[in-house]
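>>> Predicted model and sequence below, questions to follow.
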Amino acid sequence: MAEFLNRDPRNPQFWDERFEKNFTPWDKGNVPADLQAFMQTAAGPMNVLIPGCGNGYEAAFLAQAGWPVVAIDFSPAAVRSAQAAIGEWGKHVIEADFFAYTPAQPLDLIYERAFFCALPPAMRADIVKRWATLLPSGALLAGYFFFDDAEDASLKGPPFIIHSAAFTGLMSPYFALLEERAVSDSIPVFAGREWWQVWKRL
């Protein structure tokens, strides 16, 4: 088990240490099935932002399909890791802070994958508000969410769990839920507690 100096996931150095030591238990290593299905049934390419993109497999997948996509991470080590992992598609990955980044063009979709659960519970309302600010009315937030209604939501993370009702409460002022289902191809750290959801900006 690797030992780490930084224990605050709000700090880029927290993630730098983990990528530099190749400690990434949240990394699936490929593109999850629900995103593939979503892309295949979409009416056409969507302008996508991927916050906290990690190794960027989904960015490469969408870019190869002709979708305009920007994947961001505030960890320089994560950005370097993604650019190495996805080769020529690494040009779609940039170093940026989600709370400060402004897309060059209006977004159609924000893709969520282990970003919300990576940051402490005190940041949740700010994350949801930022999603709402970045997405125009009618745009979508789609991805994977880490719920466990049977566990204490204050348990140490990351990943930080949230109760499904608490998440709905945060989202409902800004978004309407269009679709949800349990995830069938979760990696061990998320298994049994991961849901695919699609939300529409009001």
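Everything's here; your move. This is a predicted model, so every value here is computed, not measured. Residues are numbered from 1 along each chain as shown.

>>> This protein: helices as residue ranges?
Assigned by DSSP state H, the chain shows helices spanning 12-20, 33-41, 57-64, 76-86, 124-134, 164-171.

>>> Dump those to JSON lines, plus mean neighbour count and distance to Ile187.
The C-beta positions use only the backbone N, C-alpha and C, and glycine is treated the same way. Putting those into JSON lines (neighbours: other C-beta atoms under 10 Å; distance: least, C-beta to C-beta, whole Å) gives the following:
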{"stretch": "helix 12-20", "mean neighbour count": "19", "distance to Ile187": "15"}
{"stretch": "helix 33-41", "mean neighbour count": "15", "distance to Ile187": "12"}
{"stretch": "helix 57-64", "mean neighbour count": "22", "distance to Ile187": "12"}
{"stretch": "helix 76-86", "mean neighbour count": "20", "distance to Ile187": "16"}
{"stretch": "helix 124-134", "mean neighbour count": "16", "distance to Ile187": "22"}
{"stretch": "helix 164-171", "mean neighbour count": "15", "distance to Ile187": "20"}
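
>>> Out of those helices, the one nearest Trp196 is which?
helix 33-41 (4.0 Å; C-beta to C-beta).

>>> just for the chain, where's the confidence low?
Scanning the chain for pLDDT under 70 picks out 1-2, 4-6, 25, 152-155.

>>> same thing but at 90, please
Residue ranges of the chain with pLDDT under 90: 1-30, 53-55, 148-158, 160-161, 187-191.

>>> can you put the helices of the chain in a markdown table and add distance to Ala104?
Converted to a markdown table, these look like this (distance: least, C-beta to C-beta, whole Å):
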| stretch | distance to Ala104 |
| --- | --- |
| helix 12-20 | 23 |
| helix 33-41 | 22 |
| helix 57-64 | 15 |
| helix 76-86 | 18 |
| helix 124-134 | 12 |
| helix 164-171 | 26 |
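
>>> Identify whichever of those helices lies nearest to Asp97.
Closest of the helices of the chain to Asp97 is helix 12-20, at 8.7 Å (criterion: C-beta to C-beta).

>>> distance between that closest one and the chain's centre?
17 Å (C-alpha atoms, centre = their mean, to the nearest Å).

>>> Please report how far Lys21 lies from Val189.
17 Å (C-beta to C-beta, to the nearest Å).

>>> Counting neighbours, go ahead and name the busier of these two.
Val189 (16 against 12; other C-beta atoms under 10 Å).
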